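Chemist: The sequence and its predicted three-dimensional model are supplied below.
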Amino acid sequence: MDARLRRVNKEITDCKNDKTSKIRVELVDNSPFHLIGSFLGPEGTPYEGGHFEVDIVIPDSYPFQPVKMKFITKVYHPNVSSASGAICLDILKDAWSPVLTLKSTLISLQSLLCSPEPNDPQDAEVAKHYMTSRASFEETAKYWTHIYAGGPGATKGAKVVTATDSASLDEVVMAGLEKAHVDKFEALGFDRSKVIDVLRRLNYRGANVAKLNDDRIVEELLR
Amino acid sequence: MSSDYELSDNEYYDEDDDEMMYEDDDGSASEMDVDFKITPSAKPKSYEIEYESLTQPQVEKLITQDVEDISGIFGVEPDVASLLLRHFNWNKERLIEKYMDNATAVSVAAGLALPEKAEPSSSRSRSTGSSLGLGIRRATRRNTAEQPKSGKTKILERVSPPADDQPFVCPICFDDSQTKTLSLSCEHKFCSECWNTYVTSKIRTEAEHWITCMAEDCKLVATDEFVKSALKDDAKTFARFQELVVRQFVSCNKNLKYCPYPSCTHTVSCPAGASKSALTTIVPIVSCGANASHKFCFGCAIDADHRPVVCGVAKMWLQKCQDDSETANWIKSNTKECSKCQSTIEKNGGCNHMTCKKCKYEFCWVCMGPWTEHGTAWYSCNRYDEKASIDARDAQSRSRASLERYLHYYNRWANHEQSAKLSVELYAKTERKMEEMQITSDMTWIEVQFMKKAMDEVFKCRMTLKWTYAMAYYLAKNNQKELFEDNQRDLERAVEELSELIESSIDPESALALRQKVTDKTVYVQKRNEIMLEDTANGYLEERWNWNIAVDGFDEPAEIAI
Ligand SMILES: [Zn+2]
Ligand SMILES: [Zn+2]
Ligand SMILES: [Zn+2]
Ligand SMILES: [Zn+2]
Ligand SMILES: [Zn+2]
Ligand SMILES: [Zn+2]
């Protein structure tokens, strides 16, 4: 049997047999080279209670080149792109070693959720939020976990919201902003979604609010 | 090249290593200088620079010298010396200094020895925040709860726990039938098949010569001998590995540059063009010994002969062309309308003397003006009429004038490039013509070579002309610029005439006369090109050229014109 196939099959079996770590991998379209991995958000973090899915592609040169992974579930985290799910983690790049496995890599992703590295961000806006106001960041991350990963706070039997039916979402909480701030600029006659967009981009949070005067915001809104 | 830099060992490099190779100006003896004896040839022209081409074995000899030196001084195996040098980017002096200071620490940092047991492998503390500006790596964020990372055996246990009496199971491929295993001195055993695939993939896919152990967090690096044994009989991949080592050596030595042409393995040594300050007085164009057409600039990243314009200005021009490519795109198009009858004319040769098929109007492809004016003494297709821009009063017309000024130069630049390309396509046509001449006239094969020679000359001169427009665009308007443009005009006119001669049809009777004409013209064109290059080169030495924009290494311009 082809060495890559043998190795991947064994890794999949290992994951199936391991009941303690709660790491799962499922096949997509019956191919062992395209998988969906999943794990639970770590306790004591804003991701607690969430169920996170990861798209896994095994390259031809596996395990000598790293697996390709990205989040399917939307995650609010400095090292994960809030738009594409792309992940910034060294072992998925140059720190990869052929002895690392799907399971150990997924566990590393899980632990990445515990310890963000805002100085080496994948998503610069999220990282700024994290650096400016930790409490506000955690609130937003929690809300995302609730909305996208089925985390606590969800009403009974609440369905996990997909990106497409976002009408019912609270856009202000989603963007990690304060309602009063958004209302204030909306009252000046600007479109609400534009206000949210600009305030998010300028990181209008915490101590930054005092640094950004209203003229600066209006100037940006007028662009 | 990750591992060379990834380090960690700020403590070893107390100076700014990332700039050690290229920053020291005016050839002040850098530690990396290598003495190459350059065989004195005929005195070079003022637009030529002295250099020497080296084959890969010749460079390997230089490498062996360094390796043997270090091996002798430290009393280590040549393979170990080679890795130490590679780790220190071939900076012998610094290696000796650091090694004498603390051989153990250097060996650990260079991946030759395992860190002391007591010292926890602290990938976190050493990589975060350290920025040598190169290949910054940060701490691994692996789960520490499940597997405390404290050493090599843990990894083997985790992936596949082998009981002592069980046969060896490779922790990578999970194959228990593999009997042959390999490991570095860290004793991380893997089957030879996995090593083979891994080493091949590092060399072939990642172009990496620094091959570390496959175990997680193990920094031990493979010696040449180990690489060879892992590759088994794959001589081709091993040769590629050796080439990668040579490339690193060359890139670490400011007097050397690797030939940029695909799959060429030659190196050029050019100490005279290695310092930044030399680049204001000469354009260090070199070619490798493998092929005379492998021309490139030793001073910058342009893989072509960009004489007569100096590197800094050439780079600025290319950047401008890239930024303005959309506005200028229309010029590149191969078709234009005849300014008399508006029928579409397609350019299919290198000559700029166009004749409309429909109305027989003769005109210049570049300026669309009547050709008759171009044959006379007041040929001025190369000169931009600055008067128009002086007249411009308001900002809008000034910006239009500035665009027109740029387009004037860009137009001619792009045209020479395109014409040169088209003349390459004309080669086949010319060759047919040459055969034809051998049949219809009494000329021998040797005697018809004048056509090929003429074509080569036209190509070469169009390249010169092309870059003269980049230069003229940035030259401050003064007498010197006028003289420059006179030379440019003379060369351009001669080239157009020769180009036209090459493309003219031949009848048997006039073949001999044509040959004479082409030969004479070729000599003349050659002379004009020489004058153009020589005068510009002398101008740099005499500091005659003033720019209308700030150029690195030159005096500030008196007034900015653009
Ligand atoms: Zn193996
Ligand atoms: Zn090892
Ligand atoms: Zn070459
Ligand atoms: Zn150059
Ligand atoms: Zn016409
Ligand atoms: Zn013209």
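Modeler: Cool, got the structure. Residues are numbered from 1 along each chain as shown, chains lettered A, B, ... in the order given. Ligands and ions are numbered 1, 2, ... in the order given.
Chemist: For the one helix or strand B:Leu403 maps to, what is the distance to the chain centroid?
Modeler: Here B:Leu403, judged by DSSP states H and E, is contained in helix B:395-440. Put simply, helix B:395-440 sits 24 Å off its chain's centre (CA atoms, centre = their mean, to the nearest Å).
Chemist: which residues touch the residue nearest to the spatial centre of chain A?
Modeler: Centroid check for chain A by CA atoms, centre = their mean gives A:Val75 as the closest residue, at 2.0 Å. With contact taken as CB atoms under 8 Å, 6 or more residues apart in numbering or on different chains, A:Val75 is in contact with A:47, A:52, A:82, A:85, A:113, A:141, A:144-145, A:148-149. (Glycine included, C-beta is placed from N, CA and C.)
Chemist: how about 7 Å then?
Modeler: A:52, A:144 (CB atoms under 7 Å, 6 or more residues apart in numbering or on different chains).
Chemist: ok, the closest residue to ligand 3 within the stretch 301-450 of chain B - how many residues close by?
Modeler: Among all residues of the stretch 301-450 of chain B, B:Asp303 sits closest to ligand 3, at 10.2 Å; criterion: CB to the ion. Neighbourhood size, B:Asp303 [other CB atoms under 10 Å in any protein chain shown]: 13.
Chemist: now do A:Phe39
Modeler: The number of residues packed near A:Phe39 is 22, by other CB under 10 Å.
Chemist: Does it belong to a helix, a strand or coil?
Modeler: strand (DSSP: H, G, I helix; E, B strand; the rest coil).
Chemist: Identify the bridge partners of it.
Modeler: A:Phe52 (DSSP bridges).
Chemist: Distance-wise, check it relative to ligand 3.
Modeler: Plainly put, A:Phe39 is 53 Å away from ligand 3 if you go by CB to the ion, to the nearest Å.
Chemist: With A:Asp60 instead?
Modeler: For A:Asp60, the distance to ligand 3 - CB to the ion - is 32 Å.
Chemist: Could you report the pLDDT at that residue?
Modeler: Looking at A:Asp60, its pLDDT is 91.
Chemist: Could you look up the SS state of the nearest residue to it once chain neighbours are set aside?
Modeler: Leaving aside its sequence neighbours, A:Asp60 sits nearest to A:Arg4 (CB to CB, 6 or more residues apart in numbering or on different chains; 7.5 Å). At A:Arg4 the chain is in helix, as set by three-state DSSP.
Chemist: ok, the closest residue to ligand 6 within chain A - how many residues close by?
Modeler: Distance from ligand 6 to each residue of chain A (CB to the ion) is smallest for A:Arg223, at 44.9 Å. The local packing of A:Arg223 (other CB under 10 Å) involves 6 other residues.
Chemist: And the pLDDT at it?
Modeler: pLDDT at A:Arg223 comes out at 81.
Chemist: Surely A:Pro116 forms part of a helix?
Modeler: No: the assignment for A:Pro116, made by three-state DSSP, is coil rather than a helix.
Chemist: circling back: close enough to count as contact, the residue nearest to A:Asp60 and A:Phe64?
Modeler: No: using CB atoms under 7 Å, A:Arg4 is not in contact with A:Phe64, being 9.3 Å away.
Chemist: Give me the more crowded residue out of these two.
Modeler: A:Phe64 (22 against 19).
Chemist: what sits against that one?
Modeler: For A:Phe64, the contacting residues are A:98, B:197-198, B:201, by CB under 7 Å, 6+ apart.
Chemist: what does stretch A:115-123 contact?
Modeler: Under CB under 7 Å, 6+ apart, the answer for stretch A:115-123 is A:77-82, A:86-88, A:127, A:130-131, B:138, B:141.
Chemist: Give me the buried entries from the residues you listed.
Modeler: Among the contacts of stretch A:115-123, those buried by neighbour count (16 or more other CB atoms under 10 Å in any protein chain shown) are A:77-82, A:87-88, A:127, A:130-131, B:138, B:141.
Chemist: Can you name the two of those residues that sit furthest apart?
Modeler: A:Ser82 and B:Arg138 (20.6 Å; CB to CB).
Chemist: And the strands in the chain, which stretches?
Modeler: No chain specified, so I'll use chain A. Ranges of strands in chain A, per DSSP state E, are A:24-28, A:31-40, A:51-57, A:68-71.
Chemist: wait, chain B
Modeler: Counting by DSSP E, the strands of chain B are B:52-54, B:181-182, B:190-191, B:256-258, B:267-269, B:285-287, B:295-297, B:335-337, B:344-346, B:353-355, B:362-364.
Chemist: circling back to that earlier point, which strands or helices does the helix holding B:Leu403 pack on?
Modeler: helix B:325-332, helix B:386-391, helix B:449-474 (3 or more CB pairs under 7 Å, 6 or more residues apart in numbering or on different chains; DSSP states H and E).
Chemist: give me the number of residues near B:Cys186?
Modeler: B:Cys186: 16 neighbours (other CB under 10 Å).
Chemist: thinking again about what came up before, so which of the strands of chain B comes closest to B:Arg86?
Modeler: Going by CB to CB, the one of the strands of chain B nearest B:Arg86 is strand B:256-258, 15.5 Å.
Chemist: Name every strand pairing with the closest one and say which way it goes.
Modeler: When DSSP bridges is applied, strand B:256-258 pairs with strand B:267-269 (antiparallel).
Chemist: and the strand it pairs with, does that touch ligand 3?
Modeler: No: under the criterion of CB under 5 Å from the ion, ligand 3 is not reached by strand B:267-269; the shortest gap measures 8.5 Å.
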